[in-house]
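> all I have is the shape, not the residue letters:
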């Protein structure tokens, strides 16, 4: 039974010793706490930026896909056969004769 009281006494002595050391070096403990909080905040910020980069990459991928779809559609609609189909309603048609070349000779 004496050993139990002695061990408890050692723990209380150790606790007061640790408390005394902490209070003597309180500024260093506060500094370490500040560095720990700064480290955690930096990790959260880095994770947030990684998530933002991933969402932006997905958006770029979708926009690139849309761009290529619109570009191919534009190329299809600007073909001569597609243009002919669209201007028939306006009354325009392709001439059957070849264009005539006019040559102007200079007089001396």
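Good, I have the coordinates. Bear in mind that the values here come from a model prediction, so they are computed numbers and not experimental data. Numbering: from 1, shown residues only.
> CA only for contacts and neighbour counts going forward, please
OK.
> low-scoring stretches of the chain, by residue?
1-12, 14, 108 (pLDDT under 70).
> let's go with 80 and repeat that
1-15, 17-18, 22, 107-108 (pLDDT under 80).
> which parts of it are strands?
Taking DSSP state E as the criterion, the chain contains no strands.
> center of it - which residue?
For the chain, residue 53 is the residue whose C-alpha lies nearest the centre (C-alpha atoms, centre = their mean; 2.3 Å).
> quick one, what contacts that one?
With contact set as C-alpha atoms under 8 Å, 6 or more residues apart in numbering, residue 53 has no partners.
> if you set the cut-off to 10 Å instead, what comes out?
With contact set as C-alpha atoms under 10 Å, 6 or more residues apart in numbering, residue 53 has these partners: 47, 59.
> where's it relative to residue 46, distance?
The gap separating residue 53 from residue 46 is 11 Å, by C-alpha to C-alpha, to the nearest Å.
> equivalent analysis for residue 69, please.
Per C-alpha to C-alpha, residue 69 is found 35 Å from residue 46.
> swap in residue 67?
Applying C-alpha to C-alpha to residue 67 and residue 46 gives a distance of 31 Å.
> ramachandran angles for residue 102?
Dihedral pair for residue 102: phi -100, psi 120, per degrees, to the nearest 10.
> I'm done for today, thanks for sticking with me.
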